[in-house]
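1. Sequence isn't available, so here's the structure alone:
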């Protein structure tokens, strides 16, 4: 029996336009504020499909299949399940989306923070990131950052040794695809 290959994208919704507007709150709290309860999985999926259709046309729309498996407005986090062959279409569409897909939605940034082959690993990463966010908000890092956008581009604690920046090199990206079985080793 053949297993259907899928990818699970863990996505955070960030609000960088409101940084610096609330002086009594740390930047990490303002950046990661809760999303409106009006956002539903159906509305989110509809907006993603519209963005994929606008960017990739009929080909992108035809390749799109999957759904929202988890949505938490409190943590502004959601998990998408998509076919392995088309997860990059979704990732690109999320990068181009710039507001919450509800009526009069606030400007935001959709950031894909983890790609996984199983929902279990995606859920574990979501829990780990939520804990780290709580520790940052309560702990010593809760002070105002000199560069508020540094929170968006911070690297994970699980970075590979020898990696100098948060952006993977071409070789590291190839190795990652090779590990996921998307590229042949020929």
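-> Now that the structure is in, tell me what you want to look at. Given the structure is predicted, the values throughout are model-derived calculations rather than measurements.
2. Only C-alpha atoms from now on, for both contacts and neighbour counts.
-> Fine.
3. show me the contacts for the closest residue to residue 41 other than its chain neighbours.
-> Leaving aside its sequence neighbours, residue 41 sits nearest to residue 68 (C-alpha to C-alpha, 6 or more residues apart in numbering; 5.8 Å). With contact set as C-alpha atoms under 8 Å, 6 or more residues apart in numbering, residue 68 has these partners: 41-42, 44-45, 78-81.
4. before we move on, what about residue 66?
-> Neighbour list for residue 66: 80-83 [criterion: C-alpha under 8 Å, 6+ apart].
5. Which ones among the contacts of residue 68 map onto strands?
-> Secondary structure of those is defined by DSSP state E; positions in strands are 78-81.
6. quick revisit: make sure I have this right: the residue nearest to residue 41 is in a helix.
-> No - secondary structure of residue 68, determined by DSSP: H, G, I helix; E, B strand; the rest coil: strand, with no helix assignment.
7. Which pLDDT does the model give it?
-> Confidence at residue 68, expressed as pLDDT, is 93.
8. cool, residue 22 as well?
-> According to the model's per-residue confidence, residue 22 sits at a pLDDT of 65.
9. again, but for residue 168
-> What the model reports for residue 168 is a pLDDT of 55.
10. returning to what we had before: nearest to residue 29, out of the ones in strands among the contacts of residue 68: which one, please.
-> Out of those, the one with the shortest distance to residue 29 is residue 78. That distance is 17.9 Å, counting by C-alpha to C-alpha.
11. Checking the closest residue in space to the closest one that isn't next to it in sequence next. Helix, strand or coil?
-> If you skip the residues right next to it in sequence, residue 78 has residue 71 as its closest partner in space, 4.3 Å away by C-alpha to C-alpha, 6+ apart. Under the three-state scheme (three-state DSSP), residue 71 adopts strand.
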